[in-house]
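Visitor: Got a predicted structure plus its sequence, pasted below:
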Amino acid sequence: MTDTRMPAPSELSREEIDIQFRHAAEVARFHAKNGRVGDKAPLCFVQTFGCQQNEADSERIAGLAVLMGYKITNDPSEAKLILVNTCAVREHAEKKALSIIGQYKHLKDADSDVLIGVGGCMVTQKHRADQLKNSYPYVSFVFDTGSIHTLPSLVAGALAGAKRRFVIGESAGIAEGIPTERALSYKAWLSIMYGCNNFCTYCIVPYTRGRERSRTPEAILDEARSLIAGGAKDITLLGQNVNSYGKDLEGADFPSLLRSIARLDGDFRVRFMTSHPKDASDALIEVMAEEEKIVRHFHLPVQSGSDQILDRMNRRYTAEKYLGIIERLKAAIPDVSITSDIIVGFPGETEEDFELTMEMLRRVRYDMIFSFIYSPRRGTPAAEMPNQVPHEVSTARFERMLALANEISLERNQRFIGRTVRILAEDVSRTDETKITGRGDSPRPIHFTADPSVIGQFVNVKITGADTFSLNAELV
Ligand code: 5AD
Ligand code: SF4
């Protein structure tokens with residue numbers, strides 16, 4: 001089928017993608033020539049660290065692996081191709097990735113045919129790339145988030161015995177038309193844009209993922225239609241700051257895009273993340289309130305409740321402005337579920353600043369928060385700021401905040417008791433094999449007894465109980 005869309009300004013050319021498809025075919029032929037097809041197809045293990053954007057990237061990584069003749073496995077020890085998709089947002093995530101990559105050395109030692117590739121946000125930082133170059137010689141190739149589409153040429157080169165390649169900073173274009181391999185047909189990530197322009201002073205993402213680039217509405221709607229046709233029931237639109245979607249295109253903005261998706265035919269629901277409060281508009285709230293297929297959940301990271309800290313984080317809003325959005329949101333969508341990201345122990349955070357964040361929790365009453373102890377990231381302005389908060393102080397504040405957040409979560413979850421809600425049955429419960437876990441508007445998992453055949457379907461359940469982290473229900 002010919003592609004009649006107008007390409008986005010930052011889209012890669014068709015030729016650049018076609019080259020990669022040719023490399024993928026070359027790799028598949030190589031495996032076929034060696035009898036590695038069908039049941040004997042080589043296996044690929046993709047390991048993902050970090051955010052939903054990385055999860056979405058990993059689906060494209062796996063899609064390319066399948067195109068190259070690999071089958072996806074969950075067991076690294078049987079894989080011929082191991083691809084680690086790393087995260088750099090906090091030091092802990094980097095340490096974990098490096099330790100896992102270290103553990104894969106013995107797989108390469110045992111079988112020299114094994115290829116190990118490392119991608120994701122961590123590798124974009126020069127000191128990490130150097131570390132991989134010098135201390136991890138068994139890593140065959142490294143690729144950044146803008147170079148996922150080059151995987152076929154990297155694998156083809158490595159199989160042909162070419163020297164190690166580090167593809168970093170070579171491309172910031174959007175690669176359309178890359179196949180995806182999804183773990184679940186009924187739940188889908190849909191990236192609408194890449195990168196971030198905000199430069200929050202603690203955050204490494206603008207350095208690792210580059211500037212904002214939006215996909216065209218046509219490309220996104222085409223993908224949404226094909227996801228729905230393929231059985232997707234829950235679609236999450238992804239971007240580091242979805243509210244600035246379309247600023248680099250003509251005539252496109254997030255509320256309009258969201259409305260167009262919500263009006264597509266089919267039985268599905270749509271959600272989005274992440275929203276930056278400085279760009280969360282009334283138009284967006286209106287679309288959410290009006291369109292039935294949009295999940296009544298707003299993830300609006302506040303990061304801190306102190307204006308002084310927000311200013312030094314370069315967040316470009318005040319606590320009051322944030323609370324104004326929350327007020328309008330609650331007025332337009334009664335019972336909306338609100339969640340947030342919060343950083344504890346940002347440089348210079350005083351006891352008073354921290355108390356203001358606690359006050360924010362009390363006023364908004366979040367269904368759930370994701371809280372993080374500040375982790376200095378090399379090259380970001382905050383890492384150089386004076387008055388870094390001692391770890392013991394951050395940890396103690398973190399614990400206090402968690403206790404309050406949990407108390408509020410429990411109260412928020414209890415509001416559902418006695419209600420009948422329509423939820424998507426997502427999986428067998430991780431803690432109780434006899435139960436199914438689903439989700440509705442609230443981000444909290446809902447456990448109920450049902451036949452596993454309901455997985456992937458919408459069902460009505462009546463909420464019978466609630467605790468801090470989950471709800472219990474019975475099938476109606
Ligand atoms: N330290 C701690 N948390 C961070 N986040 C981003 N950078 C850092 C950091 N350096 C958190 C923010 C963001 C979430 C995805 O991760 O809260 O919203
Ligand atoms: Fe990081 Fe801020 Fe961009 Fe989010 S908006 S990715 S926290 S710089």
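Guide: Sure, I can see it. Ligands and ions are numbered 1, 2, ... in the order given.
Visitor: separation between the closest residue to ligand 1 within the stretch 201-350 of the chain and ligand 2?
Guide: Distances between the stretch 201-350 of the chain and ligand 1 by CB to the nearest ligand atom are smallest at Asp341, namely 3.3 Å. Heads up, the C-betas are built off the backbone N, CA and C, glycines and all. Per CB to the nearest ligand atom, to the nearest Å, Asp341 is found 8 Å from ligand 2.
Visitor: Number of residues surrounding that residue?
Guide: 14 (other CB atoms under 10 Å).
Visitor: Phi first, then psi, for it.
Guide: Taking degrees, to the nearest 10, you get phi -110, psi 140 for the backbone angles of Asp341.
Visitor: wait, what's in contact with Thr380?
Guide: 201-204, 207 (CB atoms under 8 Å, 6 or more residues apart in numbering).
Visitor: Keep only those of these that are in helices.
Guide: Cross-referencing the contacts of Thr380 against helices under DSSP state H gives Tyr207.
Visitor: Just the buried subset of the contacts of Thr380, please.
Guide: Among the contacts of Thr380, those that count as buried by neighbour count (16 or more other CB atoms under 10 Å) are 201-204, 207.
Visitor: Tell me the one among those nearest to Val389.
Guide: Tyr202 (12.1 Å; CB to CB).
Visitor: which non-adjacent residue is nearest that closest one?
Guide: Ala382 (4.3 Å; CB to CB, 6 or more residues apart in numbering).
Visitor: now the one you found: how far from Gly348?
Guide: Distance of Ala382 to Gly348, computed by CB to CB, to the nearest Å: 9 Å.
Visitor: re the thing from before, just give the nearest non-adjacent residue to the residue of the stretch 201-350 of the chain closest to ligand 1, would you?
Guide: Asp341 sits nearest to Pro301 (CB to CB, 6+ apart), 3.7 Å away.
Visitor: Pretty sure Asp427 sits against Thr437.
Guide: Yes: counting by CB atoms under 8 Å, Asp427 touches Thr437, with 5.4 Å between them.
Visitor: Looking at these two, which one has more neighbours?
Guide: A direct count of neighbours by other CB under 10 Å for Asp427 and Thr437 places Thr437 higher, at 20 against 16.
Visitor: is it true that the more buried one touches His447?
Guide: Yes: using CB under 8 Å, Thr437 makes contact with His447 at a distance of 5.6 Å.
Visitor: Return every residue with contacts to both of those two.
Guide: With CB under 8 Å, 6+ apart as the test, Thr437 and His447 both reach Ser429.
Visitor: Run through the residues that contact the spatially most central residue of the chain.
Guide: The chain has Gln52 as the residue nearest its centroid, 1.2 Å off, counting by CA atoms, centre = their mean. Taking CB under 8 Å, 6+ apart as the contact definition, Gln52 lies against 189, 236, 238, 273.
Visitor: Which ones among those residues map onto strands?
Guide: Of the contacts of Gln52, the ones assigned to strands by DSSP state E are 189, 236, 238, 273.
Visitor: Can you lay out the residues you listed as TSV showing pLDDT and neighbour count?
Guide: Formatted as TSV, these follow (pLDDT from 0 to 100; neighbours: other CB atoms under 10 Å):
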residue	pLDDT	neighbour count
Trp189	96	22
Thr236	97	18
Leu238	98	22
Met273	97	21
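Visitor: wait, Ile325 sits on Pro277?
Guide: Yes: judged on CB under 8 Å, Ile325 makes contact with Pro277 at a distance of 5.9 Å.
Visitor: what's the overlap in contacts for these two?
Guide: Leu300.
Visitor: Any part of the lengthiest helix in the chain near ligand 1?
Guide: Looking across the chain with DSSP H, the single longest helix is helix 391-414. No: Helix 391-414 is not in contact with ligand 1 by CB under 6 Å from any ligand atom; minimum separation 9.9 Å.
Visitor: what comes into contact with that helix?
Guide: By CB under 8 Å, 6+ apart, the list of residues contacting helix 391-414 reads 337, 342, 344-345, 349, 354, 357-358, 361-362, 365-369, 371, 373-374, 442, 444, 466-471.
Visitor: Now do the residue nearest to Asp341, the pLDDT please.
Guide: We have a pLDDT of 98 for Pro301.
Visitor: just Met360 next, same as before
Guide: Looking at Met360, the pLDDT reads 98.
Visitor: Surely it touches Asp307?
Guide: No: counting by CB under 8 Å, Met360 does not reach Asp307; the two are 11.1 Å apart.
Visitor: between these two, which one's more packed in?
Guide: The neighbour comparison of Met360 against Asp307 (other CB under 10 Å) goes to Met360, with 22 against 17.
Visitor: ok, Asn134 to Gln103 distance?
Guide: Taking CB to CB, one finds Asn134 at 18 Å from Gln103.
Visitor: try His299
Guide: In terms of CB to CB, His299 sits 33 Å off from Gln103.
Visitor: Arg165 too?
Guide: 23 Å.
Visitor: Neighbour count: the two, which is higher?
Guide: Arg165 (17 against 10).
Visitor: Counting only helices, which of the contacts of helix 391-414 make the cut?
Guide: 354, 357-358, 361-362.
Visitor: what about Thr274, neighbour count?
Guide: 18.
Visitor: who's the nearest residue in space to it that is not next to it in sequence bridged to?
Guide: Sequence neighbours aside, His299 is the residue nearest to Thr274 in space, at 5.9 Å (criterion: CB to CB, 6+ apart). For His299, the beta-bridge partners under DSSP bridges are Thr339.
Visitor: can you pull the contacts of the nearest residue to Asp279 once chain neighbours are set aside?
Guide: Distances taken as CB to CB, 6+ apart place Asn243 nearest to Asp279, at 3.5 Å, with adjacent residues excluded. Contacts for Asn243 (CB under 8 Å, 6+ apart) come out as 254, 275-276, 279-281, 284.
Visitor: what's the distance between Asn243 and Thr431?
Guide: 35 Å.
Visitor: same check, this time on Ala219
Guide: 39 Å.
Visitor: So the two - more neighbours on which side?
Guide: Each of Ala219 and Thr431 has its neighbours counted (other CB under 10 Å); Ala219 has more, 20 against 9.
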